[in-house]
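In: missing the sequence, but the structure's below:
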C-alpha cells in the first residue's frame, strides 16, 4: 500500500491542557512553523476552558533532511553486481539509491507500506517528525527574545539551559515539564490500523510482524517477535513435560518421588540455553533487516531532560552538556539503597502472605528448634481448618493467592512511579541508558515479588508439594488477571465512556450547544490509554522464570504457556490497536536489558532445578536411597555420614550442566554468518568509496601540476575510462 501524502495528513498529535493560555498556543504554532512543522488540524482552539489538540505534519523534503541528520538506515543500491543492495545511512545527495526500493532481506514479507517514493514507512514518518519536534529550541542561537519567550516569562517558566550562554531548552521539553502539554503521540492511520486488526483476529495466520514494525516501530515489533518466538519454542519443553506427566500418572508416582522428573529440569536448562541464544540470533536478523543493527546504525539520542554543565567537547570541539560520572554513580548507589529498603517492605508483605496461605504454620513452629523467625500466629490462624483462608479447601486456599496478586499489582504500580523518579534523578544522558536503568529497577522489584515465596519453599521449607501448589496458583491467577485487567476491563470502561459521551452529545444537540470538537477523532485518540510495554514484557519474563527455574516442580508449565501465549499475543495486539494511543516509535536493536536478565535466569535455573532434585523433593532419593532418611515429621532428610557426598553429586551435576551450556554457546554464535558477511560487504564498499575519493583528490592535484596541457589531460581521462586502469598507473604511463 502507498501511504497518503504527508502534507495532507497529520502524523503527530499534541494536546495542550485546558489551563494553557491561548496566546501561548498560538505562539507555539508559530514557533513550530519556523522549525518546519505545520499544523494541519486543530480542535478546541476557538473554545475556552477545554483541551486543545493539534495535528502536526511536515514536508517530504524536511523529512528526508531529518532522516540524514539522525542517520536513518535504509536499503540502498550499489554499483556492483555481486552486491546489489546494502544497508546504508540515508543521504539526500544520493537519494536516488534509496527511492522505490521496497525490498528487504527476508523472503517471508508480503506487501509493504511505504510512501509514494518508497522511502519511509508510517513509523519512520512518526519517528522523524517527533525527532524534529524535540530538536526545536525555544529560541534560535543568537536570538534573545520573542513573543513566545515573553509568554513564558509571564508564566514564570524557565526555558534557558544556561542564562550566561543563552542556550534554550527544547520547546517540547519545556511544554511537558511545565504542564502545558500532556500528550504527544503519533496519529492512528485508519486503513493500516484496521488491516492489523483483521490479521490479528485471524487465528490461522501468524502475527503480522512486518506490518507491526512498519506501523508501530521496532520497539513494539521486537516484543511481538519475542512472544511469537517463545510460543513456538515452549512447544519443546511442553511436549517433554506432558510425556513426563503422563508417565508419572501411569506409574502412580507423585511429583515428589518421580525418578524421571529431574531429567525434565536438566533438559529444560539445555533448552533455555539454546532458546536464549537462538533468540539473540533472531534479533540480529530482524535488527539488520530493520536497519537498527549495532555495527550499522549509530543513532543514540540525548534525552531532553538530561542536565549538565556546558563545556567544549573533546571529540567535536563544540559545546555540549556534561555531567560527571562520579556524581551519577553516587546517585545510582543511593537509588539502590532506597530500592533495597522498599524490597524489605515487600518482603514483609510476602511473609504475611505465606502465613495466611498456610506455608508457615503451627507445625513449622513446633518443628523449628526455638521460635520460627517468620511465624506470625495472628495471620497463620487464618489458614487453619474451617478458617476464612483454610489451606485445605480448594476454593478458600485460592483467596489469599488472589489477594496477594492484587496487593502485588498495587505495589508494582506505586514502585513504577518511584523507579521513574529515581532514574530521572540519576540523570542518564541517553534514552537507551535511562530506559535500561528503569527496566532493571522495576524487574528487580517485580521479580522479587513473584519469586520470593517460591525460593523460600525451595531452599528453606524444601517442600515440593507446597512449591507446586504455589506455582499452579500463581501461574493461573496471573494468566487470568492479565486477560481481565489488560483487555476485558479496559474495553468495558472504554465502551461505557463512549456511551456517556454519546449521551452528553445528544443532550447538547437538543440545547444547540454542540461543539464540533467533542466528537473529533484526534481528541478521542488523545483520550485513549497510554500503552505500557513494560507490563507485557515483565509478564513474559516472569512466565519464563516459572518454566525454567522450577521445571522439576511444575512439568506442565511450558505446555500451559504455549496456549496462554498464543491467546495473549492476539489479545495484546488487539488491545494495542483498539484501546491504546499509538506509541512513539522506538528504534532499538534488541530487547537490551531484558536479554541480560533472561541470561541470568537461564544460568540460575541450573542451580534451582538441582536444589529441587536434591533437597526440595525425594527425586534424588530414588537414585541414591542410602543417602536419605525420614525424620519424625515425615520429611526426607540427608544422612549425616553421606551429606558431603550428596552435596558433591548435586554440585557436580550443576557444574556439568553449566559446562554443557558453555559448549553450546561456543558452537552457536550470536550473529548469523550471512549478517557478518553483509556487514563486511558494507565495510568494503566504504573502503572502496574512500579510496576513490583519495584518488580523485590526487588526480586534481596532479593535473594542476602538469599545467594546461590539454593533450595530457585527455590521454589521462581516455586511458582511465578505456581500460579501467587505476589513476596512478595511468599517470605513470603518460608522464613516463
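Out: Sure, I can see it. Since we're looking at a predicted model, the values are computed, not measured. Residues are numbered from 1 along each chain as shown.
In: just so I have it, where are all the helices in the stretch 201-350 of the chain?
Out: With helices called from DSSP state H, counting those that start in this stretch, the stretch 201-350 of the chain shows them at 209-216, 218-233, 235-251, 261-290, 325-356.
In: Next: the stretch 401-550 of the chain.
Out: 431-455, 464-483, 489-510, 521-526, 533-549.
In: Of those, which is nearest residue 649?
Out: Residue 649 sits nearest to helix 464-483 of all those, at 18.6 Å, using CB to CB. In short, each C-beta sits where N, CA and C put it, glycine included.
In: what does the closest one contact?
Out: Here helix 464-483 makes contact (CB atoms under 8 Å, 6 or more residues apart in numbering) with 255-256, 357, 359, 397-398, 401-402, 405, 409, 450, 453-454, 457-458, 539, 542-543, 546, 550, 552-554, 557, 560, 564, 567-568, 571, 612, 616-617.
In: Among those, which ones are in strands?
Out: Among the contacts of helix 464-483, no member falls in strands (DSSP state E).
In: Buried only: go through the residues you listed for me.
Out: 255-256, 357, 359, 397, 401, 405, 409, 450, 453-454, 457-458, 539, 542-543, 546, 550, 552-554, 557, 560, 564, 567-568, 612, 616-617 (16 or more other CB atoms under 10 Å).
In: roughly how far is stretch 463-472 from the heart of the chain?
Out: 31 Å (CA atoms, centre = their mean, to the nearest Å).
In: wait, stretch 434-445
Out: For stretch 434-445, the distance to the chain centre is 11 Å (CA atoms, centre = their mean).
In: repeat for stretch 382-399
Out: Distance, stretch centre to chain centre, for stretch 382-399: 39 Å (CA atoms, centre = their mean).
In: So, low pLDDT: which residues of the stretch 301-450 of the chain?
Out: Scanning the stretch 301-450 of the chain with the threshold set as pLDDT under 70 gives 301, 365-370.
In: next one: the chain
Out: Ranges of the chain meeting pLDDT under 70: 1, 101-112, 162-166, 295-301, 365-370, 482-483, 485-491, 493-520, 632-634, 699-736.
In: what's the single longest helix in it?
Out: If you go by DSSP state H, the chain has its longest helix at helix 673-706.
In: Just give the nearest non-adjacent residue to residue 602, would you?
Out: Once flanking residues are discounted, residue 602 sits nearest to residue 272: 4.4 Å by CB to CB, 6 or more residues apart in numbering.
In: ok, the one you found - how many residues close by?
Out: Using other CB atoms under 10 Å, the number of residues around residue 272 comes to 25.
In: I figured it hits residue 608, correct?
Out: No: between residue 272 and residue 608 there is no contact under CB atoms under 8 Å: 11.5 Å.
In: intersection of neighbour lists for the two?
Out: Between them, residue 272 and residue 608 share no contacting residue, judged by CB under 8 Å, 6+ apart.
In: just to revisit the earlier point, please identify the deepest-packed of the helices of the stretch 401-550 of the chain.
Out: Counting by mean count of other CB atoms under 10 Å, helix 533-549 has the highest mean neighbour count of the helices of the stretch 401-550 of the chain, with a mean of 22.
In: Now do it and helix 261-290, the angle between them.
Out: Following axes from the mean of the first three to the mean of the last three CA atoms, to 10 degrees, one obtains 140 degrees for the angle between helix 533-549 and helix 261-290.
In: follow-up on the earlier one: want to throw the helices of the stretch 201-350 of the chain into CSV with distance to residue 72?
Out: As requested, these are arranged in CSV below (distance: least, CB to CB, whole Å):
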stretch, distance to residue 72
helix 209-216, 14
helix 218-233, 12
helix 235-251, 37
helix 261-290, 11
helix 325-356, 30
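In: Quickly compare those helices and say which is most buried.
Out: For these, the highest mean count by mean count of other CB under 10 Å goes to helix 209-216, at a mean of 23.
In: residues in contact with it?
Out: 104, 109-110, 112-113, 121-123, 189, 192-193, 195-196, 199, 220-221, 224-225, 228, 290, 573, 576, 582-583, 585.
In: do the same with stretch 658-668
Out: Contacts for stretch 658-668 (CB under 8 Å, 6+ apart): 269, 270, 273, 274, 277, 278, 281, 602, 603, 606.
In: mind listing what the second one touches?
Out: Okay, so that is residue 270. 657, 660, 661, 664.
In: Equivalent analysis for the last one, please.
Out: Counting by CB under 8 Å, 6+ apart, residue 606 touches 269, 654, 657, 658, 661.
In: Which one of these is nearest to residue 63?
Out: residue 661 (46.8 Å).
In: The closest one: which element?
Out: helix 643-667 (DSSP states H and E).
In: Show me which positions of that helix end up buried.
Out: Result for helix 643-667 [16+ other CB under 10 Å]: buried residues 646, 649, 650, 653, 654, 657, 661.
In: The fourth one against residue 612, yeah?
Out: No: taking CB under 8 Å as the definition, residue 653 is not a contact partner of residue 612, at 11.9 Å.
In: so what sits against both of those two?
Out: When CB under 8 Å, 6+ apart defines a contact, no residue borders residue 653 and residue 612 alike.
In: would a markdown table of the helices of the stretch 401-550 of the chain with distance to residue 627 be doable?
Out: Shown next, in a markdown table, are these (distance: least, CB to CB, whole Å):
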| stretch | distance to residue 627 |
| --- | --- |
| helix 431-455 | 24 |
| helix 464-483 | 17 |
| helix 489-510 | 52 |
| helix 521-526 | 66 |
| helix 533-549 | 25 |
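In: Residue 384: which of those helices is closest?
Out: When the helices of the stretch 401-550 of the chain are compared by CB to CB, helix 464-483 sits nearest residue 384, at 15.7 Å.
In: what angle separates that closest one from helix 261-290?
Out: 30 degrees.
In: what about helix 464-483, distance to the chain center?
Out: Chain-centre distance of helix 464-483: 25 Å, with CA atoms, centre = their mean.
In: Also compute the angle for that helix relative to helix 325-356, please.
Out: Angle of helix 464-483 versus helix 325-356, following the same axes, to 10 degrees, is 110 degrees.
In: So that it lines up with my notes, have the first residue be 52 from now on.
Out: Got it, the first residue is 52 from now on, which makes the last one we talked about helix 515-534.
In: relative to helix 482-506, how tilted is helix 515-534?
Out: 140 degrees.
In: if I look at the residue nearest to residue 653, how far off is residue 309?
Out: 21 Å (CB to CB, to the nearest Å).
In: Next: residue 360.
Out: 64 Å.
In: quick one: which of the two has more around it?
Out: Legend: neighbour count by other CB under 10 Å for residue 360 and residue 309, higher for residue 309 (23 against 11).
In: The more buried one contacts residue 295, doesn't it?
Out: Yes: at 7.3 Å, residue 309 counts as touching residue 295 under the criterion of CB under 8 Å.
In: list the contacts for the closest residue to residue 493 other than its chain neighbours?
Out: Distances taken as CB to CB, 6+ apart put residue 470 closest to residue 493, at 5.1 Å, once the chain neighbours are dropped. By CB under 8 Å, 6+ apart, the residues touching residue 470 are 390, 489, 492, 493, 496.
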